[in-house]
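Asks: no sequence on this one, just coordinates:
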């Protein structure tokens, strides 16, 4: 009888401990879903999202016209319902990203928005599911932190391309030992946002030479070459047109709320090089961090910190770009034993949702929040990984789970 009462008390204690975590995740997810429903059902919804930039670009691309023509893009966006007070935007991803939006050129703004929304949602759900498998299918609700991660949900809400990078990162972690060519092909998605992966990319190149994983490079080159070939067949002038748009848009003069931009505008706004100084220092640190560990480098364990540092020192990044660090955060989420840290991460994510809500009345609220939140993810990860015994225990757990799952999921080459 006493053992039964003890078991019941333990269950009640576990439920009470998990309740705040589940509540915060659920409210954050529900809030974003509510806004998405309003956007999807409203007549003005698609035109007020960044998605409209990709739709207009796709319309030009499909019809073999200049996908970066300022006059044509402005006309398409205004005709789709972009308010006069809103600034006309352009697709700033490299030209090899154009095939990814090709289907949008055959759809109306609303139909394309629904397809784009489902694609981004699938990227998030599939990535979290693969991370859950990669870390041994834990029987808990911690995966909810991935599904309710505020920057990823904001990315879906805005219709940005940042979440397309996430499956590429996760598949790279999954396949880099067993299927290096496919891992490289998946990793090529990171070239959609190359400025977010500078320290990560530097270490990746060093690791390729140390481990002689040249098949991975071949996969990256093959995937990008195929995308470039498709782009060339449809619009042979895409690269020249993109360069002209990049010069005319003058992104270097824009205020982008991130630490690197803040450093530049604080010290000397005309000195553009200051915005790239943190990234340069981050690359130097990354090589110093990698070199002593080069013989036993583990992307599951060591790559997480690289991702977080790469985001923190990026020359420019928006809140929706921060979904890229989800693999790093989830590695600590699945392995930490501290419920307090899990609740803290859930609240930090929820505060981004609060800032998004406040931005409806105070447009600068979200921008002010974005300045430091990337550092917040990094500090949380460092706190989670500073627990006693983390380096040794996590290394062993990661290796066991990785090899067990890859044997189960992929047959030997």
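Replies: It's in. These numbers come from a predicted model, not from an experiment.

Asks: and residue 386, how many neighbours?
Replies: 9 (other Cβ atoms under 10 Å). (Each C-beta comes from the backbone N, C-alpha and C, glycine too.)

Asks: and residue 182, how far from residue 203?
Replies: 21 Å (Cβ to Cβ, to the nearest Å).

Asks: neighbour count winner among these two?
Replies: Taking neighbours as other Cβ under 10 Å, residue 182 and residue 203 compare with residue 203 leading, 24 against 19.

Asks: the more buried one and residue 293: what is the separation?
Replies: 10 Å.

Asks: and if you look at residue 176?
Replies: Taking Cβ to Cβ, one finds residue 176 at 16 Å from residue 293.

Asks: who has more neighbours out of those two?
Replies: Shown here are residue 176 and residue 293; by other Cβ under 10 Å, residue 176 has more neighbours (24 against 13).

Asks: output the below-cut-off pLDDT ranges for the chain.
Replies: The chain contains residues with pLDDT under 70 at 1-48, 252, 360-366, 387-413.

Asks: give me that answer again for 80
Replies: 1-49, 83-86, 139-141, 249-255, 353-371, 387-413 (pLDDT under 80).

Asks: which residue packs closest to residue 336, ignoring adjacent ones?
Replies: Excluding its sequence neighbours, the residue lying closest to residue 336 (Cβ to Cβ, 6 or more residues apart in numbering) is residue 384, at 4.7 Å.

Asks: ditto for residue 385
Replies: That would be residue 332: by Cβ to Cβ, 6+ apart, it lies 6.0 Å from residue 385.

Asks: list the contacts of the one you found.
Replies: By Cβ atoms under 8 Å, 6 or more residues apart in numbering, the residues touching residue 332 are 304, 341, 380-381, 384-385.

Asks: repeat the analysis, applying 10 Å as the threshold.
Replies: 304, 308, 338, 341-342, 345, 380-385, 387, 390, 394 (Cβ atoms under 10 Å, 6 or more residues apart in numbering).

Asks: next helix or strand past the helix or strand containing it?
Replies: Element membership for residue 332 (DSSP states H and E) is helix 326-335. Counting by DSSP H and E, the next helix or strand C-terminal to helix 326-335 is helix 339-358.

Asks: only the buried residues of the next helix or strand after that following helix, if you could.
Replies: Going down the chain from helix 339-358, the next helix or strand is helix 364-385, by DSSP H and E. Neighbour-count burial for helix 364-385, with 16 or more other Cβ atoms under 10 Å as criterion, is recorded at 365-367, 369-370, 373-374, 376-378, 380-381, 383-385.

Asks: name the nearest of these relative to residue 355.
Replies: residue 369 (3.9 Å; Cβ to Cβ).

Asks: residues shared between the contacts of residue 203 and residue 293?
Replies: Common neighbours of residue 203 and residue 293 (Cβ under 10 Å, 6+ apart) are residue 302.

Asks: what helices or strands is the one helix or strand residue 216 maps to leaning on?
Replies: Assigned by DSSP H and E, residue 216 belongs to helix 214-234. Under the contact criterion of 3 or more Cβ pairs under 10 Å, 6 or more residues apart in numbering; DSSP states H and E, helix 214-234 touches helix 51-62, helix 165-175, helix 180-187, helix 198-211, helix 238-249.

Asks: single out the most deeply packed of those helices.
Replies: helix 51-62 (a mean of 25; mean count of other Cβ atoms under 10 Å).

Asks: for residue 304, see how far away the residue nearest in space to the middle of the chain is.
Replies: For the chain, residue 324 is the residue whose C-alpha lies nearest the centre (Cα atoms, centre = their mean; 2.4 Å). Residue 324 sits at a distance of 12 Å from residue 304 (criterion: Cβ to Cβ).

Asks: swap in residue 121?
Replies: 24 Å.

Asks: those two - which one has more neighbours?
Replies: Applying other Cβ under 10 Å to residue 121 and residue 304 shows that residue 304 carries more neighbours, namely 23 against 16.

Asks: got the contact list for that one?
Replies: 173, 298, 325, 327-332, 381, 385, 394, 398.

Asks: tell me the contacts of the residue lying closest to residue 193 once chain neighbours are set aside?
Replies: Nearest residue to residue 193 in three dimensions, chain neighbours excluded: residue 165, at 5.7 Å (Cβ to Cβ, 6+ apart). Contacts for residue 165 (Cβ under 10 Å, 6+ apart) come out as 123, 127, 155, 187, 189-193, 196-197, 321, 323-324.

Asks: count of neighbours near the nearest residue to residue 238 once chain neighbours are set aside?
Replies: Counting by Cβ to Cβ, 6+ apart, residue 95 is the residue found nearest to residue 238 once chain neighbours are left out, at 4.2 Å. For residue 95, the count of nearby residues is 22 (other Cβ under 10 Å).
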